[in-house]
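**Student:** Starting from these lines, generate the structure:
(chains A and B)
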Amino acid sequence: MSRSKGRYFNNHRGRAHGARWNAGEESEEAGPSRTYGEQGGRGRGHGRGGRRGGPPEGLRGRDIGMWYAARGRAKKAAAEIRNRPVVGMEPEHEKHIRTLLDDVQKQRSEEEQQESNEVKPRRNPRDEQYHSFYQHPLTQDPELDKRLRLELEAKQADNRQYKDMQEFRKKLPSYNMRHELLRLINENQVVVISGETGCGKTTQVPQFILDHHVERGQGSTCRVVCTQPRRISAISVAERVACERAEPCGNGNSTGYQIRLEARLPRQQGCIMYCTNGILLKWLETDQLLQSVSHVVLDEVHERDIISDFLLVILKDVLPKRPKLKVILMSATLNAELFSEYFGSCPMTNIPGFTFPVLEYWLEDVLQMTKYKPPEQREKREPIWMKFRRGKRYREDELKKEQEFKEKFNGYIKEISTTYPEEVVYYLQNMDHEKMDIDMVSTIIRHICLNKAEGAILVFLPGWEQISKLNDLLTQQQMFRNANFRIIPLHSMMPTVNQRQVFERPPPGVRKIIIATNIAETSITIDDVVYVVNLGRVKERNFDVANNLSTLKPEWVSVAAARQRRGRAGRVQPGECYHLYNQLKASMLTDYQLPEMLRTPLDELCLQIKSLKLGRVHDFIQKALQQPDPRAVDLALESLVQMNALDDREKLTPLGYHLARLPVSPTIGRMILFGAMFCCLDPILTVAASLSFKDPFVIPLGKEKMADAQRKLIAEDTYSDHLMLVNAVAGWEDARDHGRGAESDYCWRNFMSVTTLKMLDNMKTQFCEHLASIGFVEGKSSKQRSANRNSGNRQLIKAILCSGLYPNVAQVRQNSFNRREGKYRPAKIVTPQDGRVKIHPKSVNCDQSHFPSNWILYHLKMKSSDVFLHDTTAVEPYPLLFFGGKIGVTSEDGVEAITVDDHIKFSAPARIAHLVKDLRSELDKLLKQKINQPGMTCWGQDTKEGRIMQAIIDLITTQEDHSQSDW
DNA sequence: GAGCACTGC
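**Tutor:** I've put the predicted structure just below:
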């Protein structure tokens, strides 16, 4: 890390004397420090007339308690005012800003006489260019038809590879149904095709459609788009299909793919294009009726991700306007009917799957075969305070399910008593069925290893904690500590140190044991798995509408997920699956996981709806397959209005227009636009890419502490996860420039993933291209000089972060030295909505007892075992004043203050407060205008924008971070 | 004192 230090950031320490953080310290400005003195006296004078410091004479019983409570409140309020940061200003700044505002106002009155009309955002000139490939509606080309047909006939006649592949294809279950499938598709506008993995629907159906057109001499009128929920599947399926057609993938051949930042395009007509769901959604921005497509195949619709559900609604609307468009939905068998009903009971057909049989066992069988004795359930009493905790509604649902389980339990026990031995029934009766028993997992693994034939074992656990625990349990046992076992933990955050080990078939006599999250359910496929152990849980993100809070908790898997897991055992030979829950639980699992649209905040979705001009948001969402809570829509709309993406009539603002086109969430989009305007592009793009994709850090199992420490080192004294990230990525760039060796060395030392870093780097370029097309920057490199003149200014970067992350601000209650413990305690963190929250232990700020400021920004707040802020940046007053919410100037008990959205308060003399407020209002006007008429920022002192923006930067910059100097 | 998984011209 050492080389990268200070690459961007000038250290401003020691220059500050404008703002003071701790009011206890004498300030050069007279006002604030005097008010502190007055405040200090106020609390003490309260109990006048009584015993010294005690309640007044004559108070009895309860009243004494009330008196103390009142005094406590008053003391607290006084302390709050005392601890308010003070916003000050150097005299020369004040003078400068006054002149500036005068000038600007004079200029404005002149301008207003000249022009006063609304400025429309200019249409993105590159929209057309991007989509040129798909722009034109398909038109028949007889020449091409003929050529395509001859080509296909020639291949069928004597292309060796093609004919070999044909033999293989003929064995797929879907191949036998070719004619029926084509008939259904021809006769109907919408068809649902269901089938389990291995039936070949994804690879075959698009080919049937294309070949059918080509054979009839209609090849040029066919363009099949087949969407996938995941990038990897889009690529691998496209490559597979190209191979079956004896062609290279993309490059103007019949088959290609497009995913974010990567494309291998097929020819324009007579082609099959595999892409991610997101790509199809992006096309709709410029081709609303999908004029350029003849067939849309939506694959894996049963997974119900938010984009796929969204596409369904849009397609349903498009169908009547495009009578020739064919839509084919491909789903798992379990809920194919749901989709058929949604499209007016359109025809369905099922393709039988082809996988090897998998023998299933449940908890009852596992207890019997292993003789494992699960710990008996201790009597559980819920503490009374639990009732009053947040999320009561949620708990009620849980209790209902528990209740149902209890009711059915006796009947179930009676039933199994006839088939299972007495001990097993006893244990089932007395164990805690909600507990995640890792000892049992270890026992069944041992059992398989000792008694079963060769074959890899795949274990599904909900998360890091359980993976870590099981890994420890196994490696502690003598039996597993030799070369005959390969234990491989698999988690998206763990480095795949030896990726080949995961997929490689081990030598005979060696057993592979993979301990995974649901990453192995769909994303990673390991062919030689014969045994699956399913603990039956999955961590699930949810959205608690009542509390406007995202949650992440372990939940029971769905029937569909359990099936998917089971299927992982039968890919190459018959397999076995051990579910570690009882058959009653198995019968009570929900068929499917709740669709993502009902589990997630809807800000981005609502913005997309407006951007695609799909009407009123509520009306549109009402048309979804399953409607989210209307309150979730309201929350999203409120947040979009607050960030000025929508106006109060739900109309897209110019800012909203730009935000909808950036491939990131609206908050991150704001950050990107402001970063470009203020010319600290590269660091802001680093943060934006990382927040919207994932951070580039990996954590090896067992080295969590080391990784934490390393990140803290990289953070230096920034008190910011976001700036730490900027440092880390800048360090990587340095290392990369010194060659492959230096790069991998750097990543190894700092626990970073080269793959993720490269992805982030490409994303940054993509953002830049977009900004360039709007006109905010010149070139497509995030490093361009003109857009980075302020990239070394930490304080400004924090301010730009604030422009995006606001109103995600928490208050820090600094903690004083605790004499008894002899140390500083961690600071208390509070948000207005949630009360006390915690900084996530992964954050570089988590153990801090002191911050340079009373306020921290965060991107993600999520409730798991507690409410955690996952990534944080301590932020000083000026960023909040210029890039936060509405500014107010107030006076409480004679203490003058400047406020942001009424609840973030800073002490400031009214003179300064009004000056700041006026300057802020000029900035808002300026930014609005820049959004309306995008262009490079002119920094010269002869331009209005240059003067205003520079004045603000100067104020932000001189406000020192007091991390070292002030306490 | 802790990190399910995806996705975007």
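
**Student:** Taking the centroid of chain A, which residue is nearest it?
**Tutor:** Most central residue of chain A, judged by C-alpha distance to the mean C-alpha position with CA atoms, centre = their mean, is residue A:692 at 6.1 Å.

**Student:** show me what contacts that residue?
**Tutor:** Going by CB atoms under 8 Å, 6 or more residues apart in numbering, residue A:692 touches A:663, A:664, A:665, A:668, A:763. Heads up, the C-betas are built off the backbone N, CA and C, glycines and all.

**Student:** what are the ranges of the helices in the stretch 151-300 of chain A?
**Tutor:** Counting by DSSP state H, counting those that start in this stretch, the stretch 151-300 of chain A has these helices, from start to end: A:160-170, A:173-176, A:178-187, A:201-215, A:231-244, A:277-286.

**Student:** can you check the stretch 801-950 of chain A too?
**Tutor:** For the stretch 801-950 of chain A, helices defined by DSSP H, counting those that start in this stretch occupy the ranges A:877-883, A:910-932, A:944-958.

**Student:** Any idea which of these gets closest to residue A:771?
**Tutor:** Nearest to residue A:771 among those is helix A:910-932; the distance by CB to CB comes to 12.5 Å.

**Student:** Please report how far residue A:742 lies from residue A:728.
**Tutor:** Distance, residue A:742 to residue A:728, by CB to CB, to the nearest Å: 15 Å.

**Student:** again with residue A:93
**Tutor:** 34 Å.

**Student:** So between the two, which is more surrounded?
**Tutor:** Between residue A:93 and residue A:728, counting by other CB atoms under 10 Å, residue A:728 is the more crowded of the two (26 against 17).

**Student:** any idea whether that one is helix, strand or coil?
**Tutor:** What DSSP: H, G, I helix; E, B strand; the rest coil gives for residue A:728 is helix.

**Student:** pretty sure it contacts residue A:752?
**Tutor:** Yes - Residue A:728 is in contact with residue A:752 according to CB atoms under 8 Å; the separation is 6.6 Å.

**Student:** what residues do those two have in common as contacts?
**Tutor:** Counting by CB under 8 Å, 6+ apart, the contacts common to residue A:728 and residue A:752 are A:696, A:697.

**Student:** who's in contact with the residue nearest to residue A:706 when sequence neighbours are not counted?
**Tutor:** Sequence neighbours aside, residue A:751 is the residue nearest to residue A:706 in space, at 7.5 Å (criterion: CB to CB, 6 or more residues apart in numbering). For residue A:751, the contact set (CB under 8 Å, 6+ apart) comprises A:495, A:697, A:698, A:699, A:700, A:703, A:706, A:707, A:710, A:711.

**Student:** Could you do residue A:209 as well?
**Tutor:** Going by CB under 8 Å, 6+ apart, residue A:209 touches A:182, A:185, A:222, A:224, A:295, A:326.

**Student:** Skipping adjacent residues, who's closest to the residue in the stretch 351-500 of chain A positioned nearest to DNA strand B in space?
**Tutor:** For the stretch 351-500 of chain A, the residue positioned closest to DNA strand B under CB to the nearest atom of the strand is residue A:463, at a distance of 2.7 Å. Distances taken as CB to CB, 6+ apart place residue A:539 nearest to residue A:463, at 5.0 Å, with adjacent residues excluded.

**Student:** likewise residue A:180?
**Tutor:** Of all residues beyond its chain neighbours, the one nearest residue A:180 is residue A:349 (6.7 Å), with distances taken as CB to CB, 6+ apart.

**Student:** Flag every residue of the stretch 751-900 of chain A that's near DNA strand B.
**Tutor:** On the criterion CB under 7 Å from any atom of the strand, DNA strand B has as its neighbours in the stretch 751-900 of chain A the residues A:766, A:769-770, A:773, A:838, A:840-842, A:846-847, A:864-866, A:868.

**Student:** Just name the shakiest helix or strand of chain A by mean pLDDT.
**Tutor:** For chain A, counting by mean pLDDT, DSSP states H and E, helix A:30-44 ranks last in confidence among helices and strands (a mean of 35).

**Student:** Only C-alpha atoms, please: export the next helix or strand after it in PDB.
**Tutor:** Once the chain leaves helix A:30-44, the next helix or strand it forms, by DSSP states H and E, is helix A:62-83. C-alpha atoms of helix A:62-83 as PDB (Å, rounded to 0.1, in the frame of the first residue of the first chain):
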ATOM      1  CA  ARG A  62     -43.000  10.600  42.200                       C
ATOM      2  CA  ASP A  63     -42.500  14.300  41.700                       C
ATOM      3  CA  ILE A  64     -38.900  14.000  42.700                       C
ATOM      4  CA  GLY A  65     -38.400  11.400  40.000                       C
ATOM      5  CA  MET A  66     -40.100  13.700  37.500                       C
ATOM      6  CA  TRP A  67     -37.900  16.600  38.500                       C
ATOM      7  CA  TYR A  68     -34.800  14.500  37.900                       C
ATOM      8  CA  ALA A  69     -36.100  13.300  34.600                       C
ATOM      9  CA  ALA A  70     -36.800  16.900  33.500                       C
ATOM     10  CA  ARG A  71     -33.300  18.000  34.600                       C
ATOM     11  CA  GLY A  72     -31.800  15.100  32.700                       C
ATOM     12  CA  ARG A  73     -33.600  16.200  29.600                       C
ATOM     13  CA  ALA A  74     -32.500  19.700  30.000                       C
ATOM     14  CA  LYS A  75     -28.900  18.700  30.500                       C
ATOM     15  CA  LYS A  76     -29.100  16.500  27.500                       C
ATOM     16  CA  ALA A  77     -30.500  19.300  25.300                       C
ATOM     17  CA  ALA A  78     -27.800  21.700  26.600                       C
ATOM     18  CA  ALA A  79     -25.100  19.100  25.900                       C
ATOM     19  CA  GLU A  80     -26.500  18.700  22.400                       C
ATOM     20  CA  ILE A  81     -26.200  22.400  21.700                       C
ATOM     21  CA  ARG A  82     -22.800  22.500  23.300                       C
ATOM     22  CA  ASN A  83     -21.600  19.700  21.200                       C
END
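
**Student:** Name the residues of helix A:62-83 that are buried.
**Tutor:** By neighbour count, and taking 16 or more other CB atoms under 10 Å as the criterion, the buried residues in helix A:62-83 are A:67, A:71, A:78, A:81, A:82, A:83.

**Student:** Name the nearest of those residues relative to DNA strand B.
**Tutor:** residue A:83 (24.9 Å).

**Student:** what pLDDT does that closest one get?
**Tutor:** In this prediction, residue A:83 carries a pLDDT score of 75.

**Student:** Would you agree it is in contact with residue A:814?
**Tutor:** Yes - under the contact definition of CB under 8 Å, residue A:83 touches residue A:814, with a separation of 7.0 Å.

**Student:** any residues in contact with both of the two?
**Tutor:** Common contact partners of residue A:83 and residue A:814 (CB under 8 Å, 6+ apart): residue A:854.

**Student:** Quick one: buried ones out of the residues of the stretch 751-900 of chain A next to DNA strand B?
**Tutor:** A:766, A:769, A:770, A:773, A:840, A:842, A:846, A:864, A:868.

**Student:** Switch those over to CSV, and while doing so, append pLDDT to every line.
**Tutor:** As requested, these are exported to CSV (pLDDT from 0 to 100):
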residue, pLDDT
A:766, 95
A:769, 93
A:770, 93
A:773, 91
A:840, 95
A:842, 94
A:846, 90
A:864, 93
A:868, 95
